[in-house]
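Engineer: task: produce atomic coordinates for the following.
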Amino acid sequence: MDRVEKDYVFHRDLKKEYPIITHGEGVYLFDDTGKKYLDACSGAVAANLGHGIASIGEAMADQAKKAAFVHTMRFETQSLHQLAEKIGKMAPENVNKVYFTTGGSEANESAMKLARQYHRDAGRPQKHMVIGRWQSYHGNTIGSLSAGGDVKRRHAYTPNLLNYAHVYSPYCHRCPYGRQSDDCLKQQNWTCVTDLERTILELGPENVSAFIAEPIVGSQQGAVPPPPGYFAKVRELCDRYDIVLIIDEVMTGFGRTGTNFAVEQLGIIPDILTFGKGVSAGYAPLAGMIVHDKIIEGLINNSDGKFLHGYTYSGHPVAVSTGLAALDVYERENVLANVNEQGPYLFERLLELKERHSCISDVRGRGLLLGIELVKSREEDVLFKPSDKAAETVNTIAMELGAVFYPGTGSIDGVNGEHLIISPPLTIMKHEIDEIVRILDQALTLFEQKLRKDETYEITK
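Structural biologist: Model (predicted):
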């Protein structure tokens, strides 16, 4: 495809030229030069089923031909009810009612607003503050950015952000509190939990509306799972102080970690569960929240049944039809079983890479949401400087070799810490995992040569 003479696109990086993707097949993307990329990160951990699935495209077209848009203040569609039922039945016990949005930022914004209205209308008007966690990500709207802990994104908008509080997430590989995970487990005492309670008490429980957390910290820390028991203790605190617990499953939902939702592995039931990305497998903008019966009952009893909120495209007919078709593929292809087969295999292959490359200090994650932490020297625990752009450089090399990963920075304190997320489509097969590992191995080797200023640094395929 010929490039246009004048470029009218407001790019994410105005100084960068991006490959033009013409089509995708399975776990691969193809650009306009014919170059093939193995999509080792499912885009933004969204293309859970890979690319080019005809049945999903046909479902979108069929719905668009029937009714492309209805406003949910006045009308609904059958596909809306069908998708809500499917998702509600996948969710934890008593978490039933599904509210649709177009993206994860909107889903988390909706959840925080719902928590606020739930408390206010029940006679607790002071409850308005949200507690989030540093190095977390919940979206880019002002509300979701305020609750999130993405330091780089927050800095530019600090004057606009809401006065929300933050605690540290349990990052056991580099505990911000200087604890050892074995000691925490032995004593059943996590400083990251006691710090949450301290923060609640300092703010005043009567002022705290909600606590929001990812079950596995995604883009900002690189697939960091919690220690056993952490979320059970968080659930206890939220119950004790009447705080709505919002679990952000925008990245982890719909089989990514080996269960329908990652919360199933935590042994708790959230008050609100947000979702996105995988619900439509990236084929259409679709997300939402699933709400516990107690909050729904609160709206019915105290708010005349109305949530004072809404988006133009909530429950968009084409989007929800896309989600319905995607969930059919999940079931038909038995995707969960594949995740539980391929996830451990990918994890083991990444551990092999760690043995070969001293720039990998940690391999972590669950299912097919895995991450590696990059350091300058594992033996001496020397970190890269942010200016080194280590993760981005490794990914750039990998793209030249034919695979794309999800690089991230600031995993330790918002500034320091480099990682790559490896999160291929959930339909990935062993031979394709072997290709991912082969390319990543070569990219890391070339990166290490570049660090040494080795004259043999050269990309060959």
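Engineer: C-alpha from now on. contacts and neighbour counts both.
Structural biologist: OK.
Engineer: just the strands in the stretch 201-350 of the chain please.
Structural biologist: Using DSSP state E, counting those that start in this stretch, the strands assigned to the stretch 201-350 of the chain run over residues 208-213, 244-249, 272-275, 287-292.
Engineer: any idea which of these is most buried?
Structural biologist: Among the strands of the stretch 201-350 of the chain, strand 272-275 has the highest mean neighbour count (mean count of other Cα atoms under 10 Å), at a mean of 30.
Engineer: show me what that one packs onto, helices and strands only.
Structural biologist: Helices and strands in packing contact with strand 272-275 are listed as helix 104-121, strand 244-249, strand 287-292; criterion 3 or more Cα pairs under 8 Å, 6 or more residues apart in numbering; DSSP states H and E.
Engineer: which pLDDT value goes with Trp186?
Structural biologist: One thing to correct before we go on: residue 186 is Lys, not Trp. Residue-level confidence at Lys186 comes out at 80, pLDDT.
Engineer: which element is it on?
Structural biologist: With the criterion set as DSSP states H and E, the secondary-structure element containing Lys186 is helix 181-187.
Engineer: what does that helix contact?
Structural biologist: Outside helix 181-187, the residues within contact range by Cα atoms under 8 Å, 6 or more residues apart in numbering are Cys172, Trp190, Thr191, Pro227, Pro228.
Engineer: try 6 Å
Structural biologist: The set of residues that contact helix 181-187 without belonging to it, under Cα atoms under 6 Å, 6 or more residues apart in numbering, is Cys172, Trp190.
Engineer: that older thread, can you put the helices and strands packed on strand 272-275 in CSV and add distance to Arg364?
Structural biologist: Compiled in CSV, those are given as follows (distance: least, Cα to Cα, whole Å):
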stretch, distance to Arg364
helix 104-121, 24
strand 244-249, 18
strand 287-292, 26
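Engineer: quick one: which of the ones you listed is nearest His431?
Structural biologist: Judged by Cα to Cα, the one of the helices and strands packed on strand 272-275 that comes nearest to His431 is strand 244-249, at 28.8 Å.
Engineer: packing partners for that closest one?
Structural biologist: Contact here means 3 or more Cα pairs under 6 Å, 6 or more residues apart in numbering; DSSP states H and E; on that basis strand 244-249 packs against strand 208-213, strand 272-275.
Engineer: helices along the stretch 201-350 of the chain, start to end?
Structural biologist: Listed in chain order, the helices of the stretch 201-350 of the chain (DSSP state H, counting those that start in this stretch) span 230-240, 293-302, 317-332, 335-356.
Engineer: got those as CSV, with distance to Val27, mean neighbour count and mean pLDDT columns?
Structural biologist: As requested, these are arranged in CSV below (distance: least, Cα to Cα, whole Å; neighbours: other Cα atoms under 10 Å; pLDDT from 0 to 100):
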stretch, distance to Val27, mean neighbour count, mean pLDDT
helix 230-240, 34, 17, 97
helix 293-302, 39, 16, 98
helix 317-332, 15, 23, 98
helix 335-356, 14, 18, 98
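Engineer: now these as CSV including distance to Ile397?
Structural biologist: Compiled in CSV, the helices of the stretch 201-350 of the chain are given as follows (distance: least, Cα to Cα, whole Å):
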stretch, distance to Ile397
helix 230-240, 37
helix 293-302, 49
helix 317-332, 32
helix 335-356, 16
